[in-house]
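# generate a structure from the sequence data that follows.
(2 chains)
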Amino acid sequence: MKAHSIIPGFYPTLGYTLFYLGLIVLIPLSTLVFKTFELSWPAFADSISNGRVLSSFRVSFLTALAAALVASVFGGIIAWVLVRYRFPGQRLLDALIDLPFALPTAVAGVVLATIYQPNGVLGKLLKQTFNLKIAFKPAGIVVALIFISLPFVVRTAQPVLQEFDTSMEEAAASLGANRWQTFLRVIFPNLLPALLTGFALAFARSIGEYGSVIFIAGNLPFVSEIVPLMIITKLEQYDIAGATAIALTMLLLSFALLLLVNLLQRWVRQRSGQL
Amino acid sequence: MSISIAQLNKRFGAFNALNNINLDIPEGELAALLGPSGCGKTTLLRIIAGLEWPDSGRVIINGEDKTQAHASHRGIGFVFQHYALFRHMTVFDNIAFGLRIKPRRQRPAESVIRTKVHTLLELVQLDWLHDHFPDQLSGGQRQRIALARALAVEPSVLLLDEPFGALDASVRKDLRQWLRTLHRELHVTSIFVTHDQEEAMEVASRIVVLNKGKVEQQGSPSELYDQPANAFVSQFIGQTNVLDSHNHQHWLQSIGLGDDAHPGLVAHVRPQHITIEKTPTGLPPSIVLKDWQHLGAITRVELTGTKPDDGLPPVLHVEMPSEHFKQLQLFKGDAVNISIKQVQWFN
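Numbering: from 1, shown residues only, chains lettered A, B, ... in the order given. Next up is the predicted model:
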């Protein structure tokens, strides 16, 4: 590899990469594993098969999945509007997209909880018109997660749309395709890999989110407790090994899911000749 | 199918892209829209295709007014300069696209589509590439696939926007020949846009010369070359020596082209309408041979005057058969006499 590569510095950069990957990612994560090994197998199984913990896994993964799906659809639409149309206030809107990145998540959580609670601005409206309660329910968690994960989708879809060759659309039109067919058969397949990346990022972010969720979730055992909350609860009881057991399980599940998304992405790219 | 353009106008802001265009392309013709860049030729082609909208005027395809029709309802095949192949589809799927999106009742069976796509692939001689993606093809191959894709829906009119513009010289040459042969076989009315006059002359049976949003002249290649309507066409189609009667009066008179009959006009002399012979030794030289280029069958000779104020243009281009040039046995710096066989006067 070294003898035939025209790019210099293969070994120094590889060494640097591995060193920092080890220092920043692998060492902390392996600590997690070692700490978990302090538990015996029955104790490990016991701490994660606890009913409250299991339902927190269900809540975490389902809300994250729902939020990432919604964010993928609406983030895709927002990216489309920002790239394809010119309108007053566009720059402002474009800048606003990044705000959830910068805002302390706890602030977002407090704000969302305030407006979605039964007496809040939106909460009242939704309750009166649709008899819908958002705050202190899993639905509230989904709302908070959409808020924080939307920028990931917008920012991954935007560049792809910007570079999209619009003459492909014109070609489709001249071949007899209507707008809908053009979108479905030409634009969407080209956007799909980026949307999948956005989905994976949104999902990963949502799984680990704590700050914004905690205020709006209501944290009812078996209903709206998320996994990170369970970990914190264990830590507060000085059950560090129990906390790491949950953390490790969550880590492995997330990793498996992200790997799945990556494989899906690979498959999509391969099918569309983009590999 | 015939194409007619009537009183077409198009502005982009303050820029007048097309100015009262009137055109008639008869059925079965292979026409070229020729002009320098920015002359509006691509805009005109896109308006015919329904990819751009005129400010006023009409587009009539086969007797039907299609000015307001959407691109998908015009029955037009469009080939883009940069191919615009669907990069997420294989070559086969690209060509099948137009057939597969037809409404269910008009859509042919998948087996019919398969046969048709392979027939088209054989027509463009690329059947072996059917399962490749556009990114894996060369430029010339992509352009041929784009053409096959446009032909799949059996368009009544084929429009090509600088179809060979992005290709290298040798591929371009092959494709030009190939396009002409293809047109002879299919006989579909076609218009292609080009800025290359050689390409237009070689491929088209009819050329429309555009300049600054206006039609300067239309006709067969030989009509345009032999009877250019104005100075622009004369200079754009083929090479020409331009001699205005004001600056070159003295010299023009000396060779018998006095400006008396043509006050204020400009003389255009084609390089092959000048003949040269060696001046007998001893006489003082007035015109000398500056340089020459051997271009195969013909040789291009550059002549220049010896005195700065003799009213000669800096360089006079002459073209003659290479055989003839060899017989003259001329060398750089040799003095020559010239005579002009034919001249055209323009404003």
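# which parts of the stretch 51-200 of chain B are helices?
Ranges of helices in the stretch 51-200 of chain B, per DSSP state H, counting those that start in this stretch, are B:91-100, B:110-123, B:139-152, B:169-186, B:197-203.
# can the ones you listed go into CSV with extra columns for distance to chain A?
Where C-beta positions appear, they are placed from N, C-alpha and C, glycine not excepted. Below are the helices of the stretch 51-200 of chain B laid out as CSV (distance: least, C-beta to the nearest C-beta, whole Å):
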stretch, distance to chain A
helix B:91-100, 4
helix B:110-123, 13
helix B:139-152, 7
helix B:169-186, 17
helix B:197-203, 21
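# let's have these in TSV, adding mean neighbour count and mean pLDDT.
Formatted as TSV, the helices of the stretch 51-200 of chain B follow (neighbours: other C-beta atoms under 10 Å in any protein chain shown; pLDDT from 0 to 100):
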stretch	mean neighbour count	mean pLDDT
helix B:91-100	23	93
helix B:110-123	15	91
helix B:139-152	23	90
helix B:169-186	15	86
helix B:197-203	20	89
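# switch the ones you listed over to a markdown table; also include distance to B:Glu27.
Output for the helices of the stretch 51-200 of chain B, formatted as a markdown table (distance: least, C-beta to C-beta, whole Å):
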| stretch | distance to B:Glu27 |
| --- | --- |
| helix B:91-100 | 22 |
| helix B:110-123 | 21 |
| helix B:139-152 | 17 |
| helix B:169-186 | 13 |
| helix B:197-203 | 18 |
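# which of these sits closest to A:Ala217?
Smallest distance to A:Ala217 across the helices of the stretch 51-200 of chain B (C-beta to C-beta): 47.0 Å, for helix B:91-100.
# and the angle from that closest one to helix B:110-123?
Interaxial angle, helix B:91-100 versus helix B:110-123 (axes from the mean of the first three to the mean of the last three C-alpha atoms, to 10 degrees): 130 degrees.
# and helix B:91-100, how far out from the chain's middle?
Taking C-alpha atoms, centre = their mean, to the nearest Å, one finds helix B:91-100 lying 30 Å from the centre of the chain it belongs to.
# for that helix, packing partners?
helix B:110-123, helix B:139-152 (3 or more C-beta pairs under 8 Å, 6 or more residues apart in numbering or on different chains; DSSP states H and E).
# who in the stretch 101-250 of chain A is up against chain B?
Taking C-beta under 8 Å from any C-beta of the partner chain as the contact definition, the stretch 101-250 of chain A meets chain B at A:165, A:167-168, A:170-178, A:181, A:185-186, A:189-190.
# give me the subset of those lying in helices.
Judged by DSSP state H, those include A:167-168, A:170-174, A:181, A:189-190 as members of helices.
# include pLDDT and neighbour count when you put those into a markdown table, please.
As requested, these are exported to a markdown table (pLDDT from 0 to 100; neighbours: other C-beta atoms under 10 Å in any protein chain shown):
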| residue | pLDDT | neighbour count |
| --- | --- | --- |
| A:Ser167 | 91 | 18 |
| A:Met168 | 93 | 20 |
| A:Glu170 | 92 | 20 |
| A:Ala171 | 93 | 29 |
| A:Ala172 | 94 | 25 |
| A:Ala173 | 92 | 23 |
| A:Ser174 | 91 | 28 |
| A:Gln181 | 92 | 17 |
| A:Pro189 | 90 | 18 |
| A:Asn190 | 89 | 19 |
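# count the neighbours of the residue of the stretch 1-150 of chain B found nearest chain A for me.
The minimum distance from the stretch 1-150 of chain B to chain A, using C-beta to the nearest C-beta, falls at B:Phe133 (3.0 Å). Residues near B:Phe133, counting by other C-beta atoms under 10 Å in any protein chain shown, number 20.
# over to the one 3 residues further on?
By the other C-beta under 10 Å criterion, the neighbourhood of B:Gln136 contains 13 residues.
# so what pLDDT did it get?
B:Gln136 is assigned 89 on the pLDDT scale.
# measure it to B:Asp168 for me?
Separation of B:Gln136 from B:Asp168 (C-beta to C-beta, to the nearest Å): 18 Å.
# just how off-centre is stretch A:93-113 within its chain?
15 Å.
# and it, how far apart are its ends?
Chord length of stretch A:93-113, first to last residue, is 23 Å (C-alpha to C-alpha, to the nearest Å).
# and that stretch, which residues are buried?
For stretch A:93-113, the neighbour count (16 or more other C-beta atoms under 10 Å in any protein chain shown) marks A:97, A:100, A:103, A:105, A:108-109, A:111-113 as buried.
# got it, and stretch B:264-282?
For stretch B:264-282, by 16+ other C-beta under 10 Å, it's B:265-274, B:276, B:279.
# for the chain, give me the ranges with low pLDDT.
Answering for chain A, as no chain was given. Within chain A, the stretches with pLDDT under 70 are A:1-3, A:273-275.
# my question was about chain B, not that one.
In chain B (pLDDT under 70), the answer is B:256, B:258-263, B:282-285, B:308-311.
# and it, which of its residues are near chain A?
Within chain B, the residues that sit near chain A (C-beta under 8 Å from any C-beta) are B:49-51, B:70-74, B:76-78, B:80, B:82, B:84-90, B:97-98, B:101-102, B:133-136, B:146, B:149-150, B:152-153.
# got a PyMOL select line for the buried ones in the residues you listed?
Listed next is the PyMOL selection for buried residues among these, using 16+ other C-beta under 10 Å:
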select buried, chain B and resi 49+50+51+71+72+74+76+77+78+80+84+85+86+87+88+89+90+97+98+101+133+134+146+149+150+152+153
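# which ones among the residues of chain B next to chain A lie within strands?
B:76-78 (DSSP state E).
# A:Lys35 versus B:His73, what's the distance?
As judged by C-beta to C-beta, B:His73 and A:Lys35 stand 68 Å apart.
# how near is the closest residue to B:His294 other than its chain neighbours to A:Phe183?
Of all residues not flanking B:His294 in the chain, B:Ser322 sits nearest, at 6.2 Å (C-beta to C-beta, 6 or more residues apart in numbering or on different chains). Here the distance between B:Ser322 and A:Phe183 works out to 59 Å (C-beta to C-beta).
# ok, the residue nearest to A:Ala217 when sequence neighbours are not counted to A:Ile214 distance?
Of all residues beyond its chain neighbours, the one nearest A:Ala217 is A:Ser224 (4.5 Å), with distances taken as C-beta to C-beta, 6+ apart. Separation of A:Ser224 from A:Ile214 (C-beta to C-beta) stands at 10 Å.
# ditto for A:Gln162
Distance, A:Gln162 to A:Ile214, using C-beta to C-beta: 37 Å.
# more neighbours, the two?
Neighbour count, other C-beta under 10 Å: between A:Gln162 and A:Ile214, A:Ile214 has more, with 22 against 11.
# that one reaches A:Gly109, doesn't it?
Yes - A:Ile214 is in contact with A:Gly109 according to C-beta atoms under 8 Å; the separation is 6.1 Å.
# got the end-to-end distance for stretch B:179-193?
Taking C-alpha to C-alpha as the measure, stretch B:179-193 stretches 13 Å from start to finish.
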